[in-house]
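Novice: Predicted model and sequence below, questions to follow.
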Amino acid sequence: MTTWSTIVIRCPKCDTTFTGTTIGSCGYAGKDTDFYPQYWGANPLPHFVKVCPSCNYADYPSKFKQGTPGQDVPKEEGLPCWRRYELVAETHRQQSASAFNLAQTLHRAAWGARAVDGDEPKEVEFLGQARELFQQALSEDGVPTEPDDLRPIITYLVGELYRRTGDASAAIEWFAKVPPMLNGDEKLDWLSKLVESQTTLAQESQKEKPSKE
Ligand SMILES: [Zn+2]
């Protein structure tokens, strides 16, 4: 169950005070194959980030100052969930955030488009942007290796995002990179199973394509 309350915060950029929703608790039943948590009840995803209604400055709630409640305090605007995360990515880009950080934020924009807004074109657009940035992060050693080495997981994810955006052959290529990275680590059995099932799906979608004359 998702529980929430109202907070009053102040924009660090333009000093506007506004009210927003903050999440007390939430839970999920399972995950999509690109790790989106399938939340129970109301979807908390839009409320994990805050957007200033005056200047569109957007970030995680901890980056805002505490505001003083009062009359006529504006509310956060009803932006689409994907737009909220896109604005956060813009803030972080201006702060020279890493490719990995931007990839994660834009991946959440895609989740918002899928699970909150039901906007498939936007979902595909952001999955593509996130995939490019995850690839960049892998190529410049920007994927965390401590405390856990995330490189096999992110390599799988690049494949899965290719599959979800309609490039089955690139997906299969990326999935094939994962097993040699696992070194028989039993803790990552779940990942090798996921690689197998998603490779099969990608191969099946290739067969469904009409062959070229
Ligand atoms: Zn502002």
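Specialist: Okay, I see it.
Novice: What parts of this structure come near the ion?
Specialist: 11, 13-14, 16, 52, 54-55, 57 (CB under 5 Å from the ion). Every residue, glycine included, has its C-beta placed from N, CA and C.
Novice: ok, and the most crowded of the residues you listed?
Specialist: Within the residues of the chain next to the ion, neighbour counts (other CB atoms under 10 Å) peak at Cys52, which reaches 25 neighbours.
Novice: Lys13 is in contact with that residue, correct?
Specialist: Yes: assessed by CB atoms under 8 Å, Cys52 is found in contact with Lys13 at 6.8 Å.
Novice: Okay, buried residues for stretch 125-139 please.
Specialist: Neighbour-count burial for stretch 125-139, counted by 16 or more other CB atoms under 10 Å, picks out 125-135, 137-138.
Novice: Farthest-apart pair in those, please.
Specialist: Using CB to CB, those span at most 21.0 Å, a distance reached by Glu125 and Leu138.
Novice: In helices, which of the buried residues of stretch 125-139 fall?
Specialist: Among the buried residues of stretch 125-139, DSSP state H puts 125-135, 137-138 in helices.
Novice: of those, closest to Phe64?
Specialist: Phe126 (23.8 Å).
Novice: list the contacts for the closest residue to the closest one other than its chain neighbours?
Specialist: Once flanking residues are discounted, Phe126 sits nearest to Ala110: 3.6 Å by CB to CB, 6 or more residues apart in numbering. Contact analysis of Ala110 by CB atoms under 8 Å, 6 or more residues apart in numbering lists 82, 122-127, 130.
Novice: Could you rerun that using 6 Å?
Specialist: The neighbours of Ala110, taking CB atoms under 6 Å, 6 or more residues apart in numbering as the test, are 123, 126-127.
Novice: Find the nearest non-adjacent residue to Gln206, please.
Specialist: Ala168 is the one closest to Gln206 (CB to CB, 6+ apart), at 4.7 Å.
Novice: Kind regards, and thank you for your time.
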